[in-house]
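Visitor: this one's sequence-less:
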């Protein structure tokens, strides 16, 4: 109950920010940015040394243009993790040990939420949120999904009961799943967490039994729910849909909205900052929440500074996403910075037929036939990790075969890497009922970057 009260007050504050004018929002962002700069200088070991190396003094922080501050990369973040935190208990070794020995409901040192990336763009990385920062994230998520509702209307709807189905990667400490778990841990809310790697045979029964009125998940996952709704006539009465974690095309938005007759809210975030922006049908672009983050689009990357995370200050952290700035019109509904699109990684699902012999056996026994196709989702298969493996990529080579390309370190023990990778991938195939799929592990010198997105694709369909 105490957390609900905190979240209520935080949500009221964020809702007021959405009613500010453009000048007021920019002033608020600037004030919080300068305050964070001084806090990072005073409370961390990293920033004073790093800025002095670039001839920046503490006195400069009050007026130096943001673009003159050096950025930090993921590699620097990993290397200097211990020196980037304001709590000496937060060390990289300590956090990794905690992740190995704890369950996802536990907090590090009893007070810090830890989320991790999947590792698609390199080494998996961990990010830490204090209780205050986590409350801000949850309130930011509530503001994003409330749409045009007033706080009173949102409260009345909440009291009438939410039944939220989250369809994505639900295991571990992925940011989206962690936020949804935090947001659904409240009275009047029931939740279903359907892991994207569950066999599709089980999906229809889960939805028929649970009867959600809210859908949250990857766009590709919600599209599959739409397919089931149309094919099986589930009769789901969906009041609200929120998606994230993947690009949302105009065509897919239309398909989902036509299926359930309700608007799709497209939330943009990252492990480094879980709530960054929101795109709605009538927005003609995406708004970036300037009261939560200072976002600076650049030619090939985007720099983000979460303004609320004072435990682990990230100042001008480089994201691989490319944002296309948009001009604001005279009658914008929100005061925040606007972008046309987020050019991120768009991946293909890999579809395979299930074994015909298994389907025939089920039919002969009078049982319901299995779903004739199963898929592997890129955001599940990108969770493979072992020492010596830099990155990897999949290419379907036949109806029942895959090639997995691996980029290894110079000193990697290839035999051990192949054994570890095979063990992890076999477990994924087993869970999906696709153990009959054959795969080849192929070492390559380098996995190239997609020139259109600036990211390395997890799945390629052509040479």
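Guide: Happy to help now that I have it. Computed from a prediction, not measured in an experiment: that's the story for all the values here.

Visitor: what about the helices in the stretch 101-250 of the chain?
Guide: Assigned by DSSP state H, counting those that start in this stretch, the stretch 101-250 of the chain shows helices spanning 131-145, 151-160, 175-184, 201-210, 219-232, 250-260.

Visitor: can you redo those as a markdown table with distance to residue 442?
Guide: In this view, the C-beta of every residue, glycine as well, is placed from N, C-alpha and C. A markdown table is the format used below for these (distance: least, CB to CB, whole Å):
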| stretch | distance to residue 442 |
| --- | --- |
| helix 131-145 | 40 |
| helix 151-160 | 51 |
| helix 175-184 | 31 |
| helix 201-210 | 32 |
| helix 219-232 | 26 |
| helix 250-260 | 32 |
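
Visitor: quick one: residues contacting the nearest residue to residue 401 once chain neighbours are set aside.
Guide: In space, and not counting its chain neighbours, residue 401 is closest to residue 438: 4.7 Å by CB to CB, 6 or more residues apart in numbering. Contacts for residue 438 (CB atoms under 8 Å, 6 or more residues apart in numbering) come out as 400-402.

Visitor: any idea how far residue 438 is from residue 258?
Guide: Separation of residue 438 from residue 258 (CB to CB, to the nearest Å): 38 Å.

Visitor: can you check residue 189 too?
Guide: Distance, residue 189 to residue 258, using CB to CB: 27 Å.

Visitor: so for the two, which sits in the more crowded spot?
Guide: residue 189 (14 against 10; other CB atoms under 10 Å).

Visitor: where is the longest helix in the chain?
Guide: helix 22-43 (DSSP state H).

Visitor: helices and strands of this structure: which one has the lowest mean pLDDT?
Guide: Between all helices and strands in the chain, the lowest mean by mean pLDDT, DSSP states H and E belongs to helix 356-364, at a mean of 46.

Visitor: could you identify the helix or strand that succeeds that helix?
Guide: Per DSSP states H and E, the first helix or strand lying C-terminal to helix 356-364 is strand 373-376.

Visitor: in its sheet, what does that following strand sit against?
Guide: Using DSSP bridges, the strands paired with strand 373-376 are strand 350-353 (antiparallel).

Visitor: next one: the partner strand to chain centre, how far?
Guide: 24 Å (CA atoms, centre = their mean, to the nearest Å).

Visitor: average pLDDT across it?
Guide: Strand 350-353 shows a mean pLDDT of 84.

Visitor: contacts for it next, please.
Guide: By CB under 8 Å, 6+ apart, strand 350-353 touches 372-376, 394, 396, 399-400, 402, 434, 437, 459.

Visitor: of those residues, select the buried ones using a PyMOL command.
Guide: If you want just the buried ones from those in PyMOL, going by 16 or more other CB atoms under 10 Å, the selection is:
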select buried, resi 374+375+376+394+396+402+434+437+459
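
Visitor: quick one: residue 22 from residue 428, how far?
Guide: 47 Å.

Visitor: my bad, should have said residue 388
Guide: Residue 388 is 20 Å from residue 428, by CB to CB.

Visitor: ditto for residue 25
Guide: To residue 428, residue 25 is 44 Å away according to CB to CB.

Visitor: likewise residue 400?
Guide: 15 Å.

Visitor: repeat for residue 161
Guide: Taken as CB to CB, the span from residue 161 to residue 428 is 35 Å.

Visitor: and those two? Which one has more around it.
Guide: residue 428 (17 against 11).

Visitor: contacts only, for that one.
Guide: 197, 376, 380-381.

Visitor: can you pull out the low-pLDDT segments for the stretch 51-200 of the chain?
Guide: Applying pLDDT under 70 to the stretch 51-200 of the chain flags the ranges 118-124, 148-160, 183-187.

Visitor: ranges for the strands of it?
Guide: Along the stretch 51-200 of the chain, counting by DSSP state E, counting those that start in this stretch, strands occupy 113-116, 126-129, 162-168, 189-195.

Visitor: which pLDDT does the model give residue 379?
Guide: 65.

Visitor: number the chain from 39, please
Guide: In the new numbering, first residue 39, that becomes residue 417.

Visitor: beta partners for residue 441?
Guide: residue 433, residue 478.

Visitor: the one 5 residues further on too?
Guide: In this structure, residue 446 bridges to residue 427 when assessed by DSSP bridges.

Visitor: so it touches residue 427, yeah?
Guide: Yes. The criterion here is CB atoms under 8 Å, and residue 446 meets it with residue 427 at 6.2 Å.

Visitor: shared neighbours of those two, anything?
Guide: Common neighbours of residue 446 and residue 427 (CB under 8 Å, 6+ apart) are residue 455.

Visitor: now the contacts of strand 388-391 in a markdown table, with distance to residue 98 and pLDDT?
Guide: Listed next are those as a markdown table, based on distance: CB to CB, whole Å; pLDDT from 0 to 100:
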| residue | distance to residue 98 | pLDDT |
| --- | --- | --- |
| 410 | 64 | 71 |
| 411 | 59 | 79 |
| 412 | 57 | 83 |
| 413 | 52 | 83 |
| 414 | 50 | 85 |
| 432 | 47 | 91 |
| 434 | 53 | 90 |
| 437 | 61 | 84 |
| 438 | 61 | 88 |
| 440 | 53 | 92 |
| 472 | 57 | 89 |
| 475 | 57 | 91 |
| 497 | 46 | 86 |
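
Visitor: which among the contacts of strand 388-391 gets closest to residue 255?
Guide: Nearest to residue 255 among the contacts of strand 388-391 is residue 413, at 14.2 Å by CB to CB.

Visitor: I'd say the closest one and residue 392 touch.
Guide: No. Residue 413 is beyond contact range of residue 392, at 10.8 Å (criterion: CB under 8 Å).

Visitor: would you list the phi and psi of residue 375?
Guide: For residue 375, the backbone dihedrals (degrees, to the nearest 10) come out as phi -60, psi 140.

Visitor: could you pull up the residues touching it?
Guide: Per CB under 8 Å, 6+ apart, neighbours of residue 375: 325-326, 328, 333, 363.

Visitor: out of those residues, which one sits closest to residue 211?
Guide: Nearest to residue 211 out of those is residue 333 (CB to CB; 24.0 Å).
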